[in-house]
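Q: make a model of this:
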Amino acid sequence: MATILAVAESRAGELRPVSREVVATARRLADELGAEVEALLLGAPGVRDGADVLAELGADRILVAEDEAFGLYAPDAAVRAVQERCEATECAVVLFAATAQGKDLSARCAARLGRPLATEVTEVAIESGVPVVVRPQYAGKAYARIRMPGTPALISLRPNVFPAGGVPAGRGEVESLALDAGTSRTRVTAFETGERERLDVAEATIVVSGGRGMQGPENWKLLEELVDALGPKATLGASRAVVDAGWRPHGEQVGQTGKVVSPSLYFAIGISGAIQHLAGMRTAGVIVAINRDPEAPIFNVANYGLVGDAFEILPKLAEEIRAVRT
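A: Numbers count the residues shown, from 1 in each chain. Predicted coordinates:
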């Protein structure tokens with residue numbers, strides 16, 4: 001029987017949230033193709049605890065390799081694991097998350113397997129037994145629809161685009177994977193996350209981004225108050241101009257040279273809407289723009305637009321949201 005391999009991600013022995021989207025999408029494709037879902041999970045001792053979650057999301061078989069060497073990211077071992085599963089089974093599709101780690105791993109696997117790779121995919125389906133994907137190109141100004149004949153098809157999914165649920169559970173058979181960490185040519189020694197209390201901008205379902213229209217870092221408290229009103233699933237973002245000016249850390253930058261985000265709700269406040277910024281947030285579910293300039297390009301992509309002074313609008317907006325949520 002054909003299989004679809006879903007590559008899950010872990011960090012510090014815990015399953016990363018984006019893995020839920022990857023496995024649930026694999027389940028949907030497998031049902032269309034009449035295939036089974038294998039989930040590959042490498043991590044530090046204790047990562048096996050995440051197997052139950054993957055089973056609930058549709059994994060028929062969870063292949064787990066636990067080793068202290070896999071506690072961060074072990075690219076050489078991960079590539080070997082993907083290659084071995086593709087060679088041992090009738091693997092039709094391999095799904096990755098289009099995270100920093102997933103982008104690196106998927107490219108390595110494509111080179112090792114000699115197969116094409118579709119990255120940052122926002123739609124995927126099976127048509128006449130062949131995976132068909134949709135992905136943005138030209139900085140999000142156009143979308144390409146691509147058929148991927150031949151096996152395996154390698155696909156990375158843009159985070160926060162695909163639902164992480166709503167699928168039947170899989171059999172959930174857990175197998176230990178005999179994977180030797182060995183001597184790696186590439187070794188990750190540490191992750192620097194910075195001192196942040198909020199979600200990463202690429203993982204949040206609500207992003208509140210500010211631009212030069214906020215006039216200075218001292219006014220960011222208005223955005224922070226809006227984020228607090230929106231709840232724990234919200235976080236702060238920023239335009240490139242703001243990061244270049246030193247107002248906010250690079251980890252919050254949204255755009256072509258920052259992070260690509262696809263939250264359910266995106267606030268663009270004091271952001272004009274340069275094409276480089278649009279490339280990083282155009283696929284958000286709902287876009288709300290606040291800008292003094294009625295001709296700002298951001299209004300061309302916004303679902304809702306407010307023309308006015310953000311310094312007057314933001315406190316009232318936060319107050320109304322708090323009233324609704326309490």
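Q: so Gly255 makes contact with Gly280?
A: Yes - using Cβ atoms under 8 Å, Gly255 is in contact with Gly280, at 3.9 Å. Any C-beta I mention is one placed from the backbone N, CA and C, and that applies to glycine too.
Q: so where do the helices sit in the stretch 101-250 of the chain?
A: 220-230, 240-244 (DSSP state H, counting those that start in this stretch).
Q: residues near the residue lying closest to Glu224 once chain neighbours are set aside, how many?
A: Using Cβ to Cβ, 6 or more residues apart in numbering and skipping residues adjacent in sequence, the residue nearest Glu224 is Leu236, 6.8 Å away. The number of residues packed near Leu236 is 23, by other Cβ atoms under 10 Å.
Q: same deal with Val208?
A: Residues near Val208, counting by other Cβ under 10 Å, number 29.
Q: residues contacting it?
A: By Cβ atoms under 8 Å, 6 or more residues apart in numbering, Val208 lies in contact with 223, 226-227, 230, 234-237, 267, 269.
Q: once you drop chain neighbours, what's closest to it?
A: In space, and not counting its chain neighbours, Val208 is closest to Phe267: 4.4 Å by Cβ to Cβ, 6+ apart.
Q: to Arg145, which of the helices of the stretch 101-250 of the chain lies closest?
A: The closest of these to Arg145 is helix 240-244. By Cβ to Cβ, the value is 29.6 Å.
Q: packing partners of the closest one?
A: Applying 3 or more Cβ pairs under 8 Å, 6 or more residues apart in numbering; DSSP states H and E, we find helix 240-244 packed against no helix or strand.
Q: for it, output the C-alpha coordinates as PDB.
A: This file holds the C-alpha atoms of helix 240-244, laid out as PDB (Å, rounded to 0.1, in the frame of the first residue of the first chain):
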ATOM      1  CA  ARG A 240      11.400  46.000   7.700                       C
ATOM      2  CA  ALA A 241      11.700  49.800   8.100                       C
ATOM      3  CA  VAL A 242      10.900  49.400  11.800                       C
ATOM      4  CA  VAL A 243      13.500  46.700  12.300                       C
ATOM      5  CA  ASP A 244      16.100  48.500  10.300                       C
END
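Q: next SSE downstream of that helix?
A: Scanning forward in sequence from helix 240-244 by DSSP states H and E, the next helix or strand is strand 265-269.
Q: quick check: pLDDT value at Arg196.
A: pLDDT for Arg196: 58.
Q: output the contacts of Val208 in JSON lines; the columns should cover pLDDT and distance to Val18.
A: Formatted as JSON lines, these follow (pLDDT from 0 to 100; distance: Cβ to Cβ, whole Å):
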{"residue": "Leu223", "pLDDT": "97", "distance to Val18": "25"}
{"residue": "Leu226", "pLDDT": "97", "distance to Val18": "25"}
{"residue": "Val227", "pLDDT": "96", "distance to Val18": "21"}
{"residue": "Leu230", "pLDDT": "96", "distance to Val18": "21"}
{"residue": "Ala234", "pLDDT": "95", "distance to Val18": "18"}
{"residue": "Thr235", "pLDDT": "96", "distance to Val18": "15"}
{"residue": "Leu236", "pLDDT": "96", "distance to Val18": "20"}
{"residue": "Gly237", "pLDDT": "96", "distance to Val18": "18"}
{"residue": "Phe267", "pLDDT": "98", "distance to Val18": "22"}
{"residue": "Ile269", "pLDDT": "97", "distance to Val18": "26"}
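Q: picking up where we left off before, make sure the residue nearest to Val208 is actually in contact with Val227.
A: No - using Cβ under 8 Å, Phe267 makes no contact with Val227, being 9.1 Å away.
Q: which of the two has more neighbours?
A: Taking other Cβ under 10 Å, Phe267 and Val227 do not tie; Phe267 has more neighbours (28 against 23).
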